[in-house]
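Chemist: Have a look; sequence and predicted model below, questions after that.
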Amino acid sequence: MKIKKILKYTLWALPLLIAAALYLWLPDYPDVAEWVFARGIFRAVNTVLTYLAGIWPFSLTELTVVLAVPAFITVVVLIIRRLRRRGGRKAFVRGVALACGWVLSCTALLYMLTHGCNFYRYSTARLMELDTHTCTPAYLQQVVIDLAQKVSDARLEVQTDENGCMQLSTSTYKTLQAADEGFDVLAKKYDFLRGSTFCAKSVQLSHWWSYTGISGMYFPLLGESNVNTDQVDCYIPATAAHEIAHTRGFAREDECNFYAYLSCSVHPSADYRYSGYLLAYVLCSNALYDYDEDLWRETRAFLSDGVKADLAANSDYWKQFEGPIEDVSTSVNNGFLTSQGQEQGVLSYGEAVRLIVGYYRQQGFVSQNG
């Protein structure tokens with residue numbers, strides 16, 4: 001009986017211990033992270049989760065967040081009312097503590113299996129055999145000029161609104177439904193991008209979500225990609241593609257930005273192609289500005305007025321939400337990314353430039369050597 005009692009009150013910690021072991025062990029064993037988890041366990045678990053989440057047309061993540069506070073308050077009230085009764089208080093408290101332990105422990109393990117382990121898989125540079133060594137400012141300038149020309153050409157294929165800014169050619173719902181089509185094209189060449197994705201979802205409270213400075217979020221416990229659809233239209237497709245990259249087994253933000261660009265560039269929709277090139281242009285252009293401001297100014301001549309209008313609209317949109325909420329959100333996000341081994345935290349989003357430049361080198365898109 002003693003053994004059964006010990007097991008009853010200690011077995012809840014087993015999932016948490018497994019999750020902790022994976023967190024501490026996998027960084028040293030990328031082969032296991034890649035072949036056992038990213039291409040094995042993750043794909044199996046995520047296929048089920050994304051299918052179940054895809055049944056519902058609305059964001060389950062948003063519903064969970066909205067109901068979390070009243071649900072928590074209700075549970076606390078019920079617990080207090082139960083504790084006010086006489087008899088069986090100790091047993092009740094033990095039961096509540098045990099239930100909470102199981103929920104937290106299982107959540108930790110599920111997170112590791114649906115997202116956490118993917119931080120430690122092979123890097124994209126290794127998977128695609130990309131040379132990501134630092135390039136010269138002159139070579140980066142050539143990349144930025146090429147992207148400026150491509151995004152300007154792609155801009156001619158999209159629709160515009162009464163203000164002359166890019167407007168989605170289909171409804172937001174239909175646009176998000178097509179977010180995985182570029183990945184399906186890439187997966188024919190890159191098997192590691194194979195996976196099951198049913199859709200990206202719009203967040204109904206997107207306007208208020210913008211105060212956090214976040215344009216999209218992947219919720220791994222549900223396998224659900226969420227997009228802030230209040231932002232300007234030109235960034236919605238690329239944001240959706242970024243979140244879809246998480247469902248294909250990539251956790252690092254820089255890699256998801258790179259795959260957003262890459263999948264959008266081969267997408268059948270002009271909206272996605274433009275949005276992907278715009279994302280890549282902005283990332284590389286900002287990096288060039290940090291390298292050499294004079295070289296950056298020279299590239300602006302290759303950018304069309306339409307693209308400049310979209311960039312200005314995007315800047316104006318986010319300025320209205322600047323404040324303490326965004327600062328706190330950025331700090332929390334930075335802490336999370338750092339804890340997962342991304343030493344540069346939110347700055348790791350800029351590491352996508354190395355991958356884009358490496359892809360340019362590999363494909364020979366520009367002639368100058370870096």
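Modeler: Perfect, I can see it now. Residues are numbered from 1 along each chain as shown.

Chemist: Need the phi and psi values for M217.
Modeler: The phi/psi pair for M217 (degrees, to the nearest 10) reads phi -150, psi 140.

Chemist: Equivalent analysis for L168, please.
Modeler: phi -60, psi 140.

Chemist: Please name the nearest non-neighbouring residue to it.
Modeler: D233 (4.8 Å; CB to CB, 6 or more residues apart in numbering). (Glycine included, C-beta is placed from N, CA and C.)

Chemist: quick one: that neighbour from T61, how far?
Modeler: As defined by CB to CB, to the nearest Å, D233 lies at a distance of 22 Å from T61.

Chemist: And these two? Which one has more around it.
Modeler: D233 (24 against 19; other CB atoms under 10 Å).

Chemist: That one against N163, yeah?
Modeler: No: counting by CB atoms under 8 Å, D233 stays clear of N163, with 11.1 Å between them.

Chemist: on that earlier part again, for the residue nearest to L168, which residues are in contact?
Modeler: Applying CB atoms under 8 Å, 6 or more residues apart in numbering to D233 gives the contacts 161, 165-168, 271.

Chemist: OK, contacts around the residue lying closest to Y289 once chain neighbours are set aside?
Modeler: Distances taken as CB to CB, 6+ apart place W296 nearest to Y289, at 4.3 Å, with adjacent residues excluded. W296 sits next to 141, 144, 285, 288-289 when contact means CB under 8 Å, 6+ apart.

Chemist: Top of the residues you listed by number of neighbours, please.
Modeler: V144 (30 neighbours).

Chemist: mind checking which helix or strand that residue is in?
Modeler: Following DSSP states H and E, one finds V144 within helix 137-155.

Chemist: again with N163
Modeler: For N163, there is no enclosing helix or strand under DSSP H and E.

Chemist: give me phi/psi at the nearest residue to it once chain neighbours are set aside?
Modeler: Among residues not flanking N163 along the chain, A313 sits closest, at 7.4 Å (CB to CB, 6+ apart). Backbone torsions of A313, given as degrees, to the nearest 10, read phi -60, psi -40.

Chemist: try L11
Modeler: phi -60, psi -20.

Chemist: where's it relative to S105, distance?
Modeler: 9 Å.

Chemist: And V144, by the same measure?
Modeler: 48 Å.

Chemist: so how many other residues sit close to the residue found closest to A178 once you drop the neighbours it is linked to in the chain?
Modeler: Once flanking residues are discounted, A178 sits nearest to S269: 6.0 Å by CB to CB, 6+ apart. Neighbour count for S269, taken as other CB under 10 Å: 21.

Chemist: Look up the pLDDT of S269 for me, please.
Modeler: On pLDDT, S269 comes in at 98.

Chemist: hang on, it packs against A240?
Modeler: No: applying CB under 8 Å, one finds S269 not in contact with A240, separated by 11.0 Å.

Chemist: Centre of the chain to stretch 88-104, how far?
Modeler: Centroid separation for stretch 88-104 versus its chain: 35 Å, with CA atoms, centre = their mean, to the nearest Å.

Chemist: Same check on stretch 163-172?
Modeler: 23 Å.

Chemist: With just CA atoms, put that stretch into PDB.
Modeler: Output in PDB follows, covering the C-alpha atoms of stretch 163-172 (Å, rounded to 0.1, in the frame of the first residue of the first chain):
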ATOM      1  CA  ASN A 163      -5.100  55.000 -50.700                       C
ATOM      2  CA  GLY A 164      -2.800  53.300 -53.200                       C
ATOM      3  CA  CYS A 165      -1.700  50.600 -50.700                       C
ATOM      4  CA  MET A 166      -1.600  46.900 -51.400                       C
ATOM      5  CA  GLN A 167      -5.000  45.100 -50.800                       C
ATOM      6  CA  LEU A 168      -5.600  41.400 -50.600                       C
ATOM      7  CA  SER A 169      -7.200  40.000 -53.800                       C
ATOM      8  CA  THR A 170      -9.300  37.600 -51.900                       C
ATOM      9  CA  SER A 171     -11.000  37.600 -48.400                       C
ATOM     10  CA  THR A 172      -8.700  37.300 -45.400                       C
END
